[in-house]
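Q: fold the stuff below for me.
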Amino acid sequence: MKFGQVDAPEEFDFTIPPDPPETTKLLKQTSKSDDFEVYVGCAKWNKKDLKNFFPKGVKDELGYYSSQFNSIELNATFYRLFPKETFEKWYATVPENFRFFPKLEQTISHYKRLKEVQESVDANVKNMSHLQEKLGMPFLQMPDNFAPKDFDRVVTFIENWTNKIPLAIELRHTKWYNDPEVSNALYALLQAHGVTNVLVDTAGRRDLMHMRLTTSTAFVRWVGANDAESDRARLDEWIKRIVQWKKAGLQKLLFFVHQNEEQESPALAAYLIERLNKKIGTNLPIPKTLPPKGLFD
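A: From the prediction side, this is the model:
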């Protein structure tokens, strides 16, 4: 994931902003439940991208991945509409507790830019629905040049999302979050329709960093900077915030680990899972990761 990539991560301030009062209020209003759901995973499951993860001889990449993680942020669906048979195969491959969080097709977000997209949306949802109960939450990711001047398209898209499947949205133009009039209207729209506001933490786009939840689900897309020290320190800070959110009433956490160069995403996700288990009492299996290859391997 190249979004927000920088050459010198040590020059950036990775401080997580404080929660706005609206997030605190939302979580307090959430009906408390003993069932706190946590899904942590990567964005891809193939050997080419996930270095130091697959043992030698593994052929069923999804099968092995799903034995280690309980979820996947499914980026492959952004590039094309897979047939229902593919979703059915994926469904049959993974365990009962595994969840997919697929990205809606780029035809919807980048080519048509939410204009006259209902047919494409219906096709995406229809095929994704073959994941049945293992379909977690599809999400829409808009390009960074999609600005608030097209707010009406966002309104129409959300109002037309009548599926029972919950939806998350990620917007990347800075004005969505840094123009108070726009951001307040956006958050009100998402919250009124039960749409989850995706939180993105990446080095080169600190202008997008905000902590405004619009549902009792936190959907975090976290991008490491391929710097071992700062990446782990950043995850430690996220764990502190997640602890606070859980106490305040958060019901579900979706946390997906990326890197600019996907070298250590599984290890960073394992690092996060191990510490979440200790801090909030989850009992997620800790994925096995292989040691980095040595100079003479």
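
Q: from Thr15, how far off is the residue most central in space within the chain?
A: Centroid-nearest residue in the chain: Arg221, 4.1 Å away (criterion: CA atoms, centre = their mean). From Arg221 across to Thr15, the span is 18 Å (CB to CB, to the nearest Å). Yep, even glycine has a C-beta here, placed from its N, CA and C like the rest.

Q: my guess is Gly63 contacts Thr93. True?
A: Yes: counting by CB atoms under 8 Å, Gly63 touches Thr93, with 5.3 Å between them.

Q: ok, His173 touching Lys149?
A: No: between His173 and Lys149 there is no contact under CB under 8 Å: 9.4 Å.

Q: in the stretch 151-297 of the chain, which spans are helices?
A: Ranges of helices in the stretch 151-297 of the chain, per DSSP state H, counting those that start in this stretch, are 151-159, 175-178, 180-192, 228-248, 265-280.

Q: any chance of those in JSON lines, with distance to Thr289, mean pLDDT and mean neighbour count too?
A: Shown next, in JSON lines, are those (distance: least, CB to CB, whole Å; pLDDT from 0 to 100; neighbours: other CB atoms under 10 Å):
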{"stretch": "helix 151-159", "distance to Thr289": "38", "mean pLDDT": "98", "mean neighbour count": "16"}
{"stretch": "helix 175-178", "distance to Thr289": "34", "mean pLDDT": "96", "mean neighbour count": "18"}
{"stretch": "helix 180-192", "distance to Thr289": "35", "mean pLDDT": "97", "mean neighbour count": "16"}
{"stretch": "helix 228-248", "distance to Thr289": "13", "mean pLDDT": "93", "mean neighbour count": "16"}
{"stretch": "helix 265-280", "distance to Thr289": "4", "mean pLDDT": "95", "mean neighbour count": "20"}
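
Q: turn those helices into TSV, columns for distance to Phe87.
A: As requested, the helices of the stretch 151-297 of the chain are exported to TSV (distance: least, CB to CB, whole Å):
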stretch	distance to Phe87
helix 151-159	22
helix 175-178	31
helix 180-192	27
helix 228-248	30
helix 265-280	24
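
Q: just give me the neighbour total for Asp13.
A: By the criterion of other CB atoms under 10 Å, Asp13 has 7 neighbours.

Q: before we move on, back to that, wait, the residue nearest to the centre of the chain sits on Arg205?
A: No: applying CB under 8 Å as the test, Arg221 and Arg205 come out as separate, 11.2 Å apart.
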